Each structure stands twice: as C-alpha cells, then as structure tokens.
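Engineer: structure, please.
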Amino acid sequence: MCPQPETDITTARPRPEGDATARPRRSRLYGLHGLHRLLRRRLGTAIALAYATAALLPAPGLWLRRPHPTGLAELPFSTPQLFLGLVLFGAGLQVPLRELRLLLRRPGALVAGLLLHVGAPLLILPGVALLLRQSPDRDGGSGMVAAMILVVAMPVAAGATVWTAKGDGDQPTAVGLVLASTLVSPLTVPLTLTLLCPLLRGDYAGRLADAAQTAGNAFALTSVVLPCGAGLLCRLLLPRRAAGGFVGAAVAAALPASLLLTYVNACGVLDPFLRHPRPVLLVGALAVAATVCGLSFGVGRVAVRALRLDARAGASVTLACGMNNSSASAVLITTTLPDRPHILLPVLAYGLLQKVAAGRVVRGFGDGRARLPGGLRE
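Structural biologist: From the prediction side, this is the model:
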C-alpha cells in the first residue's frame, strides 16, 4: 500500500532503438509496472487471497516468521522486517519533494495532523481499557489492550496516501504526515507505549515496557526510519533520467512485499487459531478493533471541524488520525512477544477495518472550499 510514484515509468526516456538491451529491459520494467497496477486495482481481492492462503497453506509463512541465523549471533535475519523495509523504502522513494517544500510554507494541517495522530490514542485507549476490565477475562482484557496500544503507537500508514489519491485529496499533506510521523517515531513510539503501559495488568505491563525499550533503541530507527530515509536519499541523488525506471521497479516490488508481509503475519495468528478455535476471542478482537478504529477516525473528524480545515486537507488529517502502520506493529509483536500470537488477531482486524473506514472518508472529499495557507477554510 504505497502511494503512486511522482514520476510514471512510462514517461521515462526510452533507449535508442539500436540498443539491443533496451527492449528486454523495458519489457521487464513494464511487466513489473503492470503487475503493480493490477494489484492496486484488485487490492481488496489480493488481501483476501493472502488471508485465504495463510489459512490453507500456513507452513511457508510460519517458516518465514522465524528468525534465521546469519552467522552473527547479534544479527539474525528477519523476513518480516525485510518485507517491512521494502514497503517503507518504496514509500520514501515516492515522496514528492517539490510539493513537500511548498507544504512547509503552510504547515497548519501538517502540524494538526501530527499532533492528533500522537495525542488521540492517549484519549481513546484509557476508556477502552476501562470497559475491558469489566469483562470476565482473567487479565482484564490486557492482551487486547496491549495489541491496540502497539497499533496506535505506530506511524501513519503509507496506505493513507493511496486513499488520499483515490479521493483526489490533499496529497502533499498526506505524504507529509506519513513522512513526519515516521521520522519522529523513534521518540513517539516508545513514549506512547510508556504512557499507556499502566493500563495493563499481569505480565503484559512488563512485556510492553520491554517492547517500548526495543522500539526506542532499535525497532523504530532500523525498521521504520532508515528504510524510509534511504528511499528519500535515493530520490534526491538519482539522476532524473534514471529515477523513473528505478522508482517504478521499487514501487512494483513494494506492493508484493506488503502482501507477503500480510500473509506472514496472518499465518502467525490464523494457524494456531484454526487448530484451536476460540470464537469468543475472535468476536472480542473484532469488537475492540472496531471500537478503537471508529473512535480514532471520529476524533479526527471532530478535530477537523473544530480547526475549520477544508475538505481535502481535513480528509488527509482524518486519515492520519485513524490509519496506523499495522504491519509495523505486527512485526514488533513478532519480535517482542513471539509467544503471544493471539494478540495479532485484533491487529489484523484493525488493519482491515481501517481500510474500510478510509474508503468512507475519501468519499467525503468532493467540493471543498477554497483553501487558505495551512489548509484553513475561507
């Protein structure tokens, strides 16, 4: 779920006809781009197929989820982190740098969206945790709460830019929010986890504290910021003639990587769930994920109206408030809580529900009033 590249590979300057290597290389490039466009058009179907494959053929995904030795004790190879890195590298490559420079001159919507993205979970999760404590669960629903904390602490999902583009929204604001939330994630992720940790009971509190330390020391920097930053740097340094083909190939590889990551994460929860079905857990996961997702988008809508943002900028801010990088949270759970695969269930549910909610938000784009600097209405 990455935004479309600013430079379409079909506009790249072709090689001279006399170059014998031009035709095969161009054919491969167009093949990748065609696959990317097909997956984007059928993204819902592709995601459903990834879940179905995880349910019917979980063995490859379970093998991919395991850390693989590299010969260096401190550096095991993690396939989910590799897939996540490819997705974020592709997102960084597609950042429209020229439009971002214009956005920095009127940062109102950008600042509002970033503050809402970080602050909304601090308002929503305490109430959800209080309700779950009334449940018969022996740990007061701490597993569900821990899963939601790990989701809402993550940066804005790169898919927010895709939904913005589908709705003809304020793309620079959406891209700026994805980039800004990613760059500050080494600070905001451990801070959010630490502030919300007291909501948990039992050993979940200690495990989340460990996750906060992991997120601050390594995960947010190496798995989130560095891949995105590498994509930005490549976009800056690549010559214009080479940028189109490279960006197109990288983006075409990022979407299959995102689907593979969905498959691997789904294997981790669907395989044990199908072997030992727990219908109550499934219903609880859907209910909690729907509640947190709905409240997150709701807070975004209320704040947009209070700030009097126009329709296009307001929709981008609303998406930033409700859409979180659930793939990154699933990878963090796999890394820090490998013995608790069941808490991936509400994470996967949130990932699906936020796409449904995003579709409803972008349908509300349309006729926005003329914008003042910062996305404010006249």
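
Engineer: show me where the chain has strands.
Structural biologist: Here the chain has no strands by DSSP state E.

Engineer: neighbours around the closest residue to V304 other than its chain neighbours, how many?
Structural biologist: Nearest residue to V304, sequence neighbours excluded (CB to CB, 6 or more residues apart in numbering): G314, at 3.8 Å. For the C-beta atoms, the positions are set from N, CA and C on the backbone; glycine is no exception. Using other CB atoms under 10 Å, G314 has 30 other residues around it.

Engineer: same thing with L195?
Structural biologist: If we define neighbours as other CB under 10 Å, then L195 has 15 of them.

Engineer: how about G119?
Structural biologist: Using other CB under 10 Å, G119 has 14 other residues around it.

Engineer: before we move on, what about the one 4 residues further on?
Structural biologist: If you count neighbours by other CB under 10 Å, L123 ends up with 12.

Engineer: measure the nearest residue to it once chain neighbours are set aside to D137 for me?
Structural biologist: Among residues not flanking L123 along the chain, V299 sits closest, at 6.7 Å (CB to CB, 6+ apart). Remark: distance between V299 and D137 (CB to CB, to the nearest Å) = 26 Å.

Engineer: just want to know which of those two has more residues nearby.
Structural biologist: Set side by side, V299 and D137 show more neighbours around V299, with 19 against 16, by other CB under 10 Å.

Engineer: isn't the residue nearest to L123 up against A120?
Structural biologist: Yes - at 4.6 Å, V299 and A120 qualify as touching, with contact defined as CB atoms under 8 Å.

Engineer: so what's the closest residue to C234 other than its chain neighbours up against?
Structural biologist: Among residues not flanking C234 along the chain, L93 sits closest, at 6.1 Å (CB to CB, 6+ apart). L93 is in contact with 5, 231-232, 234-235, 246-247, 250-251, counting by CB atoms under 8 Å, 6 or more residues apart in numbering.

Engineer: over to L208?
Structural biologist: Counting by CB under 8 Å, 6+ apart, L208 has contacts 146, 149-150, 193, 196-197, 200.

Engineer: and the pLDDT at it?
Structural biologist: With respect to pLDDT, L208 scores 78.

Engineer: can you tell me, leaving aside adjacent residues, what's nearest to it?
Structural biologist: Closest residue to L208 apart from its sequence neighbours, by CB to CB, 6+ apart: C197 at 5.0 Å.
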